[in-house]
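# heads up, no residue letters with this:
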């Protein structure tokens, strides 16, 4: 049997049935069970920043300030590789299998981090922790977008992505508590182990989240998809006591058990070149400034502002709460004002304020609290923009390519920005030069501004649109081609790629 065997052509209303559902307990289960990956990532990244000074102190693991930055880069490299590997697996084998496997990998690697006995052990543990989190991004964002109604997708995605900063605040608070209770290197070890405990709790909730019905009906499992949607609808009707309206839209799909990687890549990156450029620009911009600042914020405060290592988490908690406020308070506007003006605006505003931040830092104006105030304003806007980058790439490509597209743009953008950011900030902070650190901030402002400009020219109007209208699924296109071929008696085209009628980079509907 070939890897891309076709199993038949069906007509389905599953996307319309899912999109017309009122908000319910089911959607909260999806948000909690799947969206919590962002809390874990925030916990991990900020935990390292919060305990960095304790790791470098006597009784730690004999690691330098520069090596803390290197560990951050290794974590991000693991996330990139994990995203690409598990992203392809997610499109091939389904969302649910992979979001259980990747969470399991994260839990094991986090336990290994807490048990680190040397720099190289710490590096290896951080790599596999990152691989688990990177794989989570591909599996989770795909499933969330396919299960959340179109009218709320923007604000829900931004709030979920912004919950990274709940994890960040929790990680800092946990570090603050444990570093002051436990002497030596016990505090930071326990902090990482508690992160693994949280992962186990999330795994228990996640087991009840179903496979994506959209993925199922495309891969020849329409009966299972129908059963899942029937159960969801029954639960919603029982909860609300109201009859659901009859969906008025349907799709004709030419099912395939699997779609070759080369075909997915061709559709994602050849048919939609402008969208591909947009994804890369948005991810590089946010990854550089975010990873650079977040991984090294603790050492920046202890090096330049002489803040004690036990008090650093207080600054990081305030920083994190400001970041969470951005996507939560601005999220609704991404569904009403629109994707393009809001994404471009948040990127460009954050770039301008980052320049002001660099000036405050260079001139040491107002001490650590004034620096923190400007930092919070900067990332209030940057956080909303960064969250929207994930939203963008998860909704502007065909469904069959969704997880791989998320993985690809996350990996490319993060490999360029997310690895270079921590390395550059880490080494510049280690030099003790205010001017060198300011250069890193200026670079961050430039790449954020570039992302905003690209959004203006290449952005997609995706607000409140169904996923199938934003980018026509490959299998729907095949079914339409088959119908035309049968009507005309022509030989089947079988390309499976959007034709000129599909519009490529032009949004549908």
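Done, it's in. On a predicted model such as this, the values are computed, not experimentally measured, just so you know. Residues are numbered from 1 along each chain as shown.
# Residue 17 contacts residue 248, correct?
No. Residue 17 lies out of contact with residue 248 (C-beta atoms under 8 Å); the separation is 10.6 Å. C-beta: built from backbone N, CA, C; applies to glycine.
# Between the two, point out the one with more neighbours.
Legend: neighbour count by other C-beta atoms under 10 Å for residue 17 and residue 248, higher for residue 17 (21 against 8).
# For the more buried one, which non-adjacent residue is closest in space?
Take residue 17 and drop its neighbours on the chain: the residue closest to it by C-beta to C-beta, 6 or more residues apart in numbering is residue 247, 4.9 Å away.
# Residue 232 too?
With C-beta to C-beta, 6+ apart, the residue lying closest to residue 232 is residue 26, at 5.4 Å.
# Give the buried residues for stretch 20-34.
Within stretch 20-34, the residues that count as buried by 16 or more other C-beta atoms under 10 Å are 20, 21, 24, 26, 27, 29, 30, 31, 32, 33, 34.
# Same list (these) but as JSON lines, adding pLDDT, secondary structure and distance to residue 438.
Output for those, formatted as JSON lines (pLDDT from 0 to 100; DSSP: H, G, I helix; E, B strand; the rest coil; distance: C-beta to C-beta, whole Å):
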{"residue": "20", "pLDDT": "92", "secondary structure": "coil", "distance to residue 438": "52"}
{"residue": "21", "pLDDT": "94", "secondary structure": "coil", "distance to residue 438": "50"}
{"residue": "24", "pLDDT": "93", "secondary structure": "coil", "distance to residue 438": "49"}
{"residue": "26", "pLDDT": "94", "secondary structure": "helix", "distance to residue 438": "49"}
{"residue": "27", "pLDDT": "94", "secondary structure": "helix", "distance to residue 438": "44"}
{"residue": "29", "pLDDT": "92", "secondary structure": "helix", "distance to residue 438": "46"}
{"residue": "30", "pLDDT": "91", "secondary structure": "helix", "distance to residue 438": "43"}
{"residue": "31", "pLDDT": "90", "secondary structure": "helix", "distance to residue 438": "39"}
{"residue": "32", "pLDDT": "89", "secondary structure": "helix", "distance to residue 438": "41"}
{"residue": "33", "pLDDT": "87", "secondary structure": "helix", "distance to residue 438": "42"}
{"residue": "34", "pLDDT": "85", "secondary structure": "helix", "distance to residue 438": "39"}
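# on that earlier part again, tell me how many other residues crowd the residue nearest to residue 17.
Neighbour count for residue 247, taken as other C-beta under 10 Å: 15.
# For it, grab phi and psi.
Main-chain torsions, residue 247, degrees, to the nearest 10: phi -70, psi 140.
# let's have the chain start at 32 instead
Renumbered: residue one is now 32, and that last one reads residue 278.
# That one touches residue 52, doesn't it?
No. Taking contacts as C-beta under 8 Å, residue 278 lies outside contact range of residue 52: 9.9 Å.
# In the protein, mark out all the strands, start to finish.
37-43, 282-287 (DSSP state E).
# ok, the closest residue in space to residue 373 that isn't next to it in sequence to residue 185 distance?
Leaving out its chain neighbours, the residue that sits closest to residue 373 by C-beta to C-beta, 6+ apart is residue 365, at 4.8 Å. Residue 365 sits 4 Å away from residue 185, going by C-beta to C-beta, to the nearest Å.
# Next: residue 236.
Computed with C-beta to C-beta, the distance linking residue 236 and residue 185 is 24 Å.
# Residue 460 now?
Applying C-beta to C-beta, the value for residue 460 to residue 185 is 36 Å.
# Over to residue 259?
For residue 259, the distance to residue 185 (C-beta to C-beta) stands at 24 Å.
# With residue 419 instead?
Applying C-beta to C-beta, the value for residue 419 to residue 185 is 8 Å.
# Are there residues contacting both of the two? Which ones?
Common neighbours of residue 419 and residue 185, using C-beta atoms under 8 Å, 6 or more residues apart in numbering, are 365, 370.
# where does the stretch 32-181 of the chain dip in pLDDT?
32-39, 80-81, 83-85, 87-91, 96 (pLDDT under 70).
# all helices for it, in order.
Ranges of helices within the stretch 32-181 of the chain are 45-50, 56-66, 68-87, 96-124, 126-145, 150-178, based on DSSP state H, counting those that start in this stretch.
# how about those helices, which one is nearest residue 270?
Of all the helices of the stretch 32-181 of the chain, it is helix 56-66 that lies closest to residue 270, at 6.0 Å by C-beta to C-beta.
# Packing partners of the closest one?
helix 150-178, helix 184-193, helix 217-237, helix 253-271 (3 or more C-beta pairs under 8 Å, 6 or more residues apart in numbering; DSSP states H and E).
# Ramachandran coordinates for residue 495?
Dihedral pair for residue 495: phi 60, psi 10, per degrees, to the nearest 10.
# same check, this time on residue 93
Dihedral angles for residue 93 - degrees, to the nearest 10 - are phi 60, psi 50.
# Isn't it up against residue 152?
No. Assessed by C-beta under 8 Å, residue 93 is found out of contact with residue 152, at 11.3 Å.
# Least confident secondary structure element in the chain?
Ranked by mean pLDDT, DSSP states H and E, the weakest helix or strand in the chain is helix 505-519, scoring a mean of 62.
# Longest helix in this structure, by number of residues?
In terms of residue count, the longest helix belonging to the chain (DSSP state H) is helix 304-335.
# any idea of the mean pLDDT in that one?
Averaged across helix 304-335, pLDDT comes to 89.
# What residues sit buried inside it?
Buried residues in helix 304-335, counting neighbours by 16+ other C-beta under 10 Å, are found at 305-307, 309-335.
# pretty sure residue 44 contacts residue 280?
Yes. Applying C-beta under 8 Å, one finds residue 44 in contact with residue 280, separated by 6.8 Å.
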